[in-house]
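Asks: below is the structure, and that's it, no one-letter string:
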């Protein structure tokens, strides 16, 4: 079994202002606060002598690698992001950033916001614009039906509300 993994395609480059602020804050926290603290702790552990049995040194170096990996990812990701600052001109159609209310066949309502792939974990109801449901919703209007294939079979929803606030 080889260790080769095919390159993954990066997610969409769109992000809301809130998502961009969160990623920027995380980057700043890691680079300006957490990394210097861990570097100081590693330096103090290294000064104690034998590094091979020094858990503070070993785990500190591991944490530094994790921080550096995340910082590198955030910098690359934020570099090419397109921040969506205003709603689209046609508010009657579903585009990025829209809050959508869907009704299924049993009358149950679901509320979703279409966001970028880097921010769908921020709050319940956020879905990535790369998700099958979001791709099916993009461009649709009020009272349109949306069909999506799921592992449990094909599901149908009716769009009952679209808002951008």
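Replies: Yep, that arrived. Just so it is clear, the structure is predicted and the values come from calculations on it, not from any experiment.
Asks: contacts only, for residue 114.
Replies: Taking CB atoms under 8 Å, 6 or more residues apart in numbering, we find residue 114 in contact with 94-98, 100, 127, 129, 134, 137-138. To be clear about C-beta, it is placed using only N, CA and C from the backbone, and glycine gets the same treatment.
Asks: in strands only, show me those.
Replies: Secondary structure from DSSP state E places 100, 127 of the contacts of residue 114 in strands.
Asks: got a PyMOL select line for the buried ones in the contacts of residue 114?
Replies: Buried members of the contacts of residue 114, defined by 16 or more other CB atoms under 10 Å, are picked up in PyMOL with:
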select buried, resi 94+95+96+97+98+100+127+129+134+137
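Asks: can you put the contacts of residue 114 in CSV and add distance to residue 12 and pLDDT?
Replies: Shown next, in CSV, are the contacts of residue 114 (distance: CB to CB, whole Å; pLDDT from 0 to 100):
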residue, distance to residue 12, pLDDT
94, 15, 96
95, 13, 95
96, 8, 94
97, 12, 92
98, 15, 94
100, 17, 96
127, 12, 93
129, 5, 92
134, 10, 94
137, 14, 96
138, 11, 94
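Asks: make TSV out of the contacts of residue 114 and add distance to residue 45.
Replies: TSV is the format used below for the contacts of residue 114 (distance: CB to CB, whole Å):
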residue	distance to residue 45
94	53
95	52
96	47
97	46
98	50
100	52
127	44
129	44
134	47
137	52
138	51
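Asks: show me which pair in the contacts of residue 114 is furthest apart.
Replies: Between any two of the contacts of residue 114, the greatest separation by CB to CB is 13.8 Å, found for 95 and 127.
Asks: next step: the contacts of residue 114 restricted to helices.
Replies: In helices, defined here by DSSP state H, the members of those are 134, 137.
Asks: good, wrapping up.
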